[in-house]
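*Asks:* okay, predicted coordinates and the sequence, questions at the end:
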Amino acid sequence: MTVIALDDTDSRERGMCSTYLATRLAEALRDAGDDVERRLLVRLDPAIEHKTRGNAAVALHTSCPPETAFDRACRAVERWSEFEDDRTSPGVVVAAGDPDAVPAPVARFARDAVRERLSLESALALADEYGYQHRGWDGGRGRIGALAAVGAWVGFDEWTYEHISYREFERCGTPRAVDVDSVFAAADWGYPTVWDTVDRVEGEPVCVPNAPGPILYGIRGDDPDTCRAVAARIESEPVDRRATFVTNQGTDAHLHDDGFDELRDGRASRVSGVVTSAPETRRGGHVFVGLGPDSDDDTETGLDCVAFEPTKRFRDRVRALSPGDRVTVCGEVSRGTLKLEKFAVRSLVRTTLVTPTCPDCERSMESAGRGQGYRCRACGTRSEMVPAALDRDLDVGWYEVPPCARRHVATPLVRGGFDAPVHPER
């Protein structure tokens, strides 16, 4: 077996897509008589500034001999990469041997690549150490992601699927003709095995991209056959070709389990604490809330968490938090602020102290002076503040951003496996 991996072949503005390049390469390999056993779509660190929207590398597991595979991969990159964008920096890595036998350091590199910033120098040193063939264009930064894609099959133990339908290539850059009603009907049919196909509240077909590339729509889920069946139910312009990828999408592979003292910029974390300030809606509709450690250790400092305006109704969940609530939050830290992807309510403040009412006169009592409690002006009855029940618009459990705002690598709640009840967004 041989692993062919590549990355950084597309452009934010001009389009193209690394999965399309891999699909064309897989077709060329099969036309030459080689098997393609598996296609991987590997989401990498979502915080990297070089990324296009999804920051994905791709890999093919093939029977093609390594030398031939390397030559064909390089020709495919030169044919299909978007070189006119000076930020595009393609890279190819080809590894001989079974994908299940990738060395542990390469598998570790794959895990790190979805959670950390890695250097090109470290990628090239590791590729050279294990005798992998590699080539870069315009700096070849894509060899970082390509090496991660080589190690991914061993590096990750949780996988989902995406079935991608591609449009005729000459249509790229023109509006996509997809029947939205058929997308919603197909999404309803496949849910919850297939997820993040649409956003039912926003009325948005999430599976249909806006970028000018060759993807017509992509269907994600836990079963490849159901993904293909959902795609078959969608009415659209002609589908030119199709491909199913095994992927680490929807797995939360990017999250570190951190304490407050481990949080740092450019790192996506899952951290637990207590709400320290009332939520505040700021300019632009972004909602901020303070979070601090749920302990008496004053050596740890808190941080702000934010639900940005594009997370839509998720902001109402954040606005419903109150000081004293205990929560677990997930998201990337940037400039000391955690950008919320999901959070779990662990416990809610259910009562608050209020001014007492006189049991005899039924009048609201008044303060009797600093530290002296409350007193009824009419009869002199004294009391302290009394607890009163709070109406809460939240329950214990997990809440998430809607599908229209979800990062590719983030786990939708409907997939299950969480440590508390879930309140999925559809």
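*Replies:* Thanks, I have the structure now.
*Asks:* using the centroid of the protein, identify the residue furthest from it.
*Replies:* C379 (62.2 Å; CA atoms, centre = their mean).
*Asks:* can you tell me how far C64 sits from E27?
*Replies:* With distances taken as CB to CB, to the nearest Å, C64 is found 13 Å from E27. C-beta coordinates here come from the backbone N, C-alpha and C atoms, glycine included.
*Asks:* again with D86
*Replies:* According to CB to CB, D86 and E27 sit 29 Å apart.
*Asks:* neighbour count winner among those two?
*Replies:* It is E27, of D86 and E27, that has more neighbours when counted by other CB atoms under 10 Å, with 14 against 8.
*Asks:* setting aside sequence neighbours, what's the nearest residue to that one?
*Replies:* What sits nearest to E27 in space, not counting adjacent residues and going by CB to CB, 6 or more residues apart in numbering, is R241, at 7.5 Å.
*Asks:* what about the strands in the stretch 51-200 of the chain?
*Replies:* 56-62, 91-96, 133-136, 160-167, 194-195 (DSSP state E, counting those that start in this stretch).
*Asks:* mind giving me the packing neighbours of the helix or strand just after the shortest one?
*Replies:* Translated: strand 194-195. Per DSSP states H and E, the first helix or strand lying C-terminal to strand 194-195 is strand 215-221. With contacts defined as 3 or more CB pairs under 8 Å, 6 or more residues apart in numbering; DSSP states H and E, strand 215-221 has these neighbours: strand 160-167, helix 180-190, strand 194-195, helix 224-232.
*Asks:* deepest in the core, which of these is it.
*Replies:* Most buried of the helices and strands packed on strand 215-221, by mean neighbour count (mean count of other CB atoms under 10 Å): strand 194-195, with a mean of 26.
*Asks:* what strands line up against that strand, and which way round?
*Replies:* According to DSSP bridges, strand 194-195 forms sheet pairs with strand 215-221 (antiparallel).
*Asks:* what's the mean pLDDT across the strand it pairs with?
*Replies:* Over the span of strand 215-221, the pLDDT mean works out to 97.
*Asks:* buried sites along it?
*Replies:* I215, L216, Y217, G218, I219, R220, G221 (16 or more other CB atoms under 10 Å).
*Asks:* isn't the fifth one right up against C227?
*Replies:* This points to I219. Yes. Using CB atoms under 8 Å, I219 is in contact with C227, at 4.5 Å.
*Asks:* overlap in contacts of these two?
*Replies:* E162, H163, G190, V194 (CB atoms under 8 Å, 6 or more residues apart in numbering).
*Asks:* turn the helices and strands packed on strand 215-221 into JSON lines, columns for distance to P293.
*Replies:* Compiled in JSON lines, these are given as follows (distance: least, CB to CB, whole Å):
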{"stretch": "strand 160-167", "distance to P293": "34"}
{"stretch": "helix 180-190", "distance to P293": "40"}
{"stretch": "strand 194-195", "distance to P293": "33"}
{"stretch": "helix 224-232", "distance to P293": "42"}
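*Asks:* how about the strands of the stretch 201-350 of the chain, start to end?
*Replies:* 215-221, 239-247, 256-257, 267-275, 280-281, 287-292, 303-307, 326-334, 337-347.
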